[in-house]
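Student: Here's a sequence, model it:
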Amino acid sequence: MRQLATYGSLRGKRVFITGGGSGIGESLVAAFAGQGALVAFVDIAREASEALCQRVTQAGHPAPQFRYCDIADIAALRQAMAELAGPDGVDGDFDILVNNAANDQRHQTAEVTPEYWDQRIAINQRPMFFTCQAVFEGMKRKGGGSIINISSISWHIKGAGYPVYTTAKAAVVGLTRGLAREYGAHGIRVNTVTPGWVMTERQLALWVDAAAEEEISKSQCLPGKLLPEHIASMTLFLAADDGAMCTSQEFIVDAGWV
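Tutor: Coordinates of the predicted model:
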């Protein structure tokens, strides 16, 4: 049984997570709530998100707040963030932002239209910029904060079969580094967490077959399956005071694939 760290600095902190209803996001919501943080999240999976809130609350942790939101709609995303923030003033500002939502739908280069390109970027890259923009003033008022942007090793390993996705995920690192410089003067840390092939329900249902398992076994330095909670553990560290002097960095959690 894994013995996980407890971060006292996360208790009572306000956290906003995109795509928190399933997969890695589900583990993020549960992990932050388990540390006593006040979690708010958006997702398009209403039923799964509401069930997650119920499970977390029944476990005795602070009840997460959920809003249905298609993050491709920036106006709706901004509205959801405003609704999920706490009372007016510094106490209601978010301390931590985790940009997790993404969609790794497979596609071929020759089939990509300008409309499909825009649609994929609108999910996998554009919302990250605008959530970072939205939390800046509040974190500045608080004298600091932590932003964690979730990327993917897909672009590191020259993954084929989803070029718009790999483009977007490579851009995450550029966004992180640029904002880390700009936001750092106000005590706001910005980092990237880059997962390997994480065994979420979606991955297992759609793409993890015998050939994929062989590729994973061959490519990872460490044996075993990479799980959502492994990504959550790194994210907690970067959000907590323990990661106080970490910024502008990419933290790869992939069992040694890259």
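
Student: for stretch 230-247, how far is the first residue from the last?
Tutor: Taking CA to CA, to the nearest Å, stretch 230-247 runs 20 Å from one end to the other.

Student: could you give the mean pLDDT of it?
Tutor: In this model, stretch 230-247 has an average pLDDT of 99.

Student: Run the chain-centre distance for it.
Tutor: Distance of stretch 230-247 from its chain centroid, counting by CA atoms, centre = their mean, to the nearest Å, is 12 Å.

Student: How about residues contacting stretch 165-176?
Tutor: 99, 102-105, 107, 120-121, 124-125, 128-129, 132, 147, 149-152, 154-155, 159, 190-192, 194, 248, 250 (CB atoms under 8 Å, 6 or more residues apart in numbering). (Glycine included, C-beta is placed from N, CA and C.)

Student: Likewise for stretch 107-125?
Tutor: Outside stretch 107-125, the residues that touch it by CB under 8 Å, 6+ apart are 71-72, 101-103, 105, 161-165, 167-169, 171-172, 175.

Student: buried subset of the residues you listed?
Tutor: Buried members of the contacts of stretch 107-125, counted by 16 or more other CB atoms under 10 Å: 71-72, 101-102, 162-165, 167-169, 171-172, 175.

Student: just for the stretch 51-200 of the chain, where's the confidence low?
Tutor: For the stretch 51-200 of the chain, applying pLDDT under 70 flags the ranges 88-90.

Student: That one: helices as residue ranges?
Tutor: For the stretch 51-200 of the chain, the helices defined by DSSP state H, counting those that start in this stretch occupy 74-84, 114-124, 126-142, 163-184.

Student: possible to save these as a markdown table with distance to residue 202?
Tutor: Converted to a markdown table, the helices of the stretch 51-200 of the chain look like this (distance: least, CB to CB, whole Å):
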| stretch | distance to residue 202 |
| --- | --- |
| helix 74-84 | 22 |
| helix 114-124 | 14 |
| helix 126-142 | 19 |
| helix 163-184 | 14 |
